[in-house]
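Trainee: okay, sequence plus prediction incoming.
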Amino acid sequence: VKSTKWAIGIDLGGQSVKLAAVSDAGQLEAFRQVPIQASWSANEMVDFLLLQMDELGQAVGASGIEPQAVGVVMPGLMNDERTRLLFAANLPKLSDTTFLEDLASRIDMPHVFDADCNAAAWAEFRVGAGTGSQRLIVASIGTGVGAGVIIAERILRVRGHVAGSLGHVVVDPTGPGCACGGRGCVEALASGLAIERAAELRADEDPGGPLARLRDQAGRLSCEVLGQAAVAGERVAMEIIQQAGRYLGVAIVSWSTIYQPDRVLLAGGPSQLGDVWISAIREGIREVGPPRVRDLEIEPAGLGPRAGCIGAGLLAIERF
Ligand SMILES: [Zn+2]
């Protein structure tokens, strides 16, 4: 392994933590994904992460890799300095605690904390499908809709540490209520969760229909199940995916008006929905967008679910 610098990248999610040693070229060593409990206190979480870092350090140490810094990324709101966690939707026990301060005090290396969406965007920009972009948006479509924005080779931080709440751009003022307290946000209409909910609703409304039968077979109407059904020509599944895709297209038009991206990359669960979904997104863009955005490059992200972990490591290396 001939790389000059290594850091530990940690991507803390609601159900698991991903970590690895990350090189300055974005290469991963000893990647692992370990389950966590959302019920853990800040202290328990800090203890657990330190244990994981120790084990990782020993695992890569055997191959002569010595990480020099640590990057920890997670969803949620931090203060402007990114030293204190104010709110963590997926890990409510950590919200407004001294979690980051406690973690910082026990990491004996340079370290950096950031939002997971910023880290994923940075990784795509540096070593993924976003290289060479002047203005890049990397959107993660999962339980929610989040995005990082890279402008002129820097992470855009409009307020606090993020570019804004891109998942809460309104795409239908008459749409359903959103977790944020607003109404008709793209997250409420086009996230993976929104797609699965729409499918469940259709199955309930039509107990003898195709989606109810599909649910009986598969147990749950996941994005993966719906994507396969759409590919197999199941019309209702296709309609639900197309509807969500169009809403995402409308949101991308609004994002583009503000950030003027030259490329938008999409990551997350619904990427499994395939061509039906991507086509619907392009259709949504063409339906409402001005000519300027109709040729916008919309592409799948390049690094997959490890992007946050890679970005965490790269941010740690580049900062120190
Ligand atoms: Zn919202």
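Mentor: Thanks, I have the structure now. Numbering: from 1, shown residues only.
Trainee: can you map out the strands along the chain?
Mentor: For the chain, strands defined by DSSP state E occupy the ranges 6-12, 16-23, 28-35, 70-74, 77-78, 85-87, 111-115, 135-141, 145-151, 154-155, 263-267, 297-300.
Trainee: for Gly164, grab phi and psi.
Mentor: With angles defined as degrees, to the nearest 10, Gly164 sits at phi 140, psi -180.
Trainee: correct me if wrong: it contacts Arg157.
Mentor: No. If you go by C-beta atoms under 8 Å, Gly164 and Arg157 don't touch, sitting 9.7 Å apart. To be clear about C-beta, it is placed using only N, CA and C from the backbone, and glycine gets the same treatment.
Trainee: need the longest helix for this protein.
Mentor: The longest helix of the chain (DSSP state H) is helix 235-259.
Trainee: coming back round to it: among the strands of the chain, which is nearest the ion?
Mentor: strand 145-151 (8.8 Å; C-beta to the ion).
Trainee: rewinding a little: let's have the strands of the chain in a markdown table, adding mean pLDDT and mean neighbour count.
Mentor: Rendered in a markdown table, the data for the strands of the chain read as follows (pLDDT from 0 to 100; neighbours: other C-beta atoms under 10 Å):
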| stretch | mean pLDDT | mean neighbour count |
| --- | --- | --- |
| strand 6-12 | 97 | 28 |
| strand 16-23 | 97 | 24 |
| strand 28-35 | 97 | 15 |
| strand 70-74 | 97 | 28 |
| strand 77-78 | 91 | 19 |
| strand 85-87 | 93 | 16 |
| strand 111-115 | 96 | 23 |
| strand 135-141 | 96 | 27 |
| strand 145-151 | 96 | 26 |
| strand 154-155 | 96 | 16 |
| strand 263-267 | 95 | 25 |
| strand 297-300 | 90 | 14 |
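Trainee: could you export those strands as a markdown table, including distance to Gly175?
Mentor: Conversion of the strands of the chain to a markdown table gives the following (distance: least, C-beta to C-beta, whole Å):
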| stretch | distance to Gly175 |
| --- | --- |
| strand 6-12 | 31 |
| strand 16-23 | 31 |
| strand 28-35 | 34 |
| strand 70-74 | 28 |
| strand 77-78 | 24 |
| strand 85-87 | 24 |
| strand 111-115 | 25 |
| strand 135-141 | 17 |
| strand 145-151 | 13 |
| strand 154-155 | 30 |
| strand 263-267 | 21 |
| strand 297-300 | 22 |
